[in-house]
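K.L.:
Here's a sequence, model it:
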Amino acid sequence: MTLDTELTSTNSPRVKLARRLARRNQRSKERRFIADGPQAVREAVAHTPGAVVEIYVTPEASERHAELVDAARAARIPVLSATDQVLAEICETVTPQGVAALCGFVDTPFEELVAARPKLVAVLANVRDPGNAGTVLRTADAAGADAVVLTDASVDPYNPKAVRASVGSLFHLPVAIGVPVEKAVGALRAQGLRVVAADGAGDRDLDAELDQGTMTGPTAWVFGNEAWGLPEETRALADAVVRVPIHGRAESLNLATAAAVCLYASARAQRSSGGCRSAG
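P.N.:
Numbers count the residues shown, from 1 in each chain. From the prediction side, this is the model:
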């Protein structure tokens, strides 16, 4: 398969730009980031093709993912051939997957997100681990959430590890970034969502909340830092502080697992009879 251009030097301007994008301040300045892996690039092309500036692919990967190359060309996205060494530099990984893309930012203004009247939202407050942030974004997407909000104290969702962990979900649902937690909670509550903080020391039990039918309405879940959870001032902003019950002997759940349990519980409750989402 003949590609548009061949990248063979790690000192080319394109590769140097990609290396700079490993730093948050450079991503913010350029408003661009790297999406690594065929699934992430495939989703970018399929769902937000206007955000994809160009695609880098090794000759072997271009044959293995020929449908992706064809879809990119149909969307008039340049596809450049790259060596394994160049891909490793672009993606900053020891074992690149053979496909990467230079993309423009895809986040949604918070006010626009709220105006769309979401029914299920994940708010990441002071979440610092990019892998966790990307996994929660992927989980929110899988659970059918309408949006994800990352507060101003949280990790950048365009961090390479976060993008990789989201496995393309970054391109599927609205994501707002840099929102103060007080603003996020206030605006979502004003739009009719019940704000629920997830905390292992919560005074309410998720099973009891489900049994009592309190999870059927529009809900914004607030998830905290991986190591120390939610501070008291953030818990105080919520309408309820809910813990995921531990039925076995595990000490706790990690952030991504707890978020999956909470978001799926809400999704199931909202789709049940009388919930705010239809069964279809």
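
K.L.:
Please count neighbours and contacts with C-alpha atoms only from this point.
P.N.:
Fine.

K.L.:
Next, give phi and psi for the closest residue to A40 other than its chain neighbours.
P.N.:
Nearest residue to A40 in three dimensions, chain neighbours excluded: G168, at 3.9 Å (C-alpha to C-alpha, 6 or more residues apart in numbering). When read as degrees, to the nearest 10, the backbone of G168 gives phi 100, psi -20.

K.L.:
This structure - how does it break down into domains?
P.N.:
With domains defined by automatic domain parsing, the chain comprises 5-104, 110-271.

K.L.:
Kindly reformat those as TSV containing mean neighbour count.
P.N.:
What follows is those, written out as TSV (neighbours: other C-alpha atoms under 10 Å):
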stretch	mean neighbour count
domain 5-104	19
domain 110-271	20
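
K.L.:
got CSV for the ones you listed, with mean pLDDT too?
P.N.:
Formatted as CSV, those follow (pLDDT from 0 to 100):
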stretch, mean pLDDT
domain 5-104, 92
domain 110-271, 95
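
K.L.:
correct me, but the residue nearest to A40 touches G37?
P.N.:
No: between G168 and G37 there is no contact, the gap being 9.1 Å when judged by C-alpha atoms under 8 Å.

K.L.:
And for the helix or strand containing V69, what's in contact with it?
P.N.:
Element membership of V69 [criterion: DSSP states H and E] is helix 66-74. The contact list for helix 66-74 (C-alpha atoms under 8 Å, 6 or more residues apart in numbering) reads 38, 42, 45-46, 62, 78-79.

K.L.:
Stretch 181-198 now?
P.N.:
Outside stretch 181-198, the residues touching it (C-alpha under 8 Å, 6+ apart) are 114, 117, 119, 123, 125, 149, 151-152, 217-224, 234-235, 237-244, 258, 262.

K.L.:
re the thing from before, which one among the contacts of helix 66-74 gets closest to P174?
P.N.:
The nearest member of the contacts of helix 66-74 to P174, counting by C-alpha to C-alpha, is A46 at 15.5 Å.

K.L.:
Which ones among the contacts of helix 66-74 map onto strands?
P.N.:
V79 (DSSP state E).

K.L.:
Could you tell me which of the contacts of helix 66-74 belong to helices?
P.N.:
Among those, the members falling in helices (DSSP state H) are 38, 42, 45-46, 62.

K.L.:
Dump these into a markdown table; add distance to A140 as well.
P.N.:
Converted to a markdown table, the ones in helices among the contacts of helix 66-74 look like this (distance: C-alpha to C-alpha, whole Å):
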| residue | distance to A140 |
| --- | --- |
| P38 | 21 |
| R42 | 19 |
| V45 | 21 |
| A46 | 19 |
| S62 | 31 |
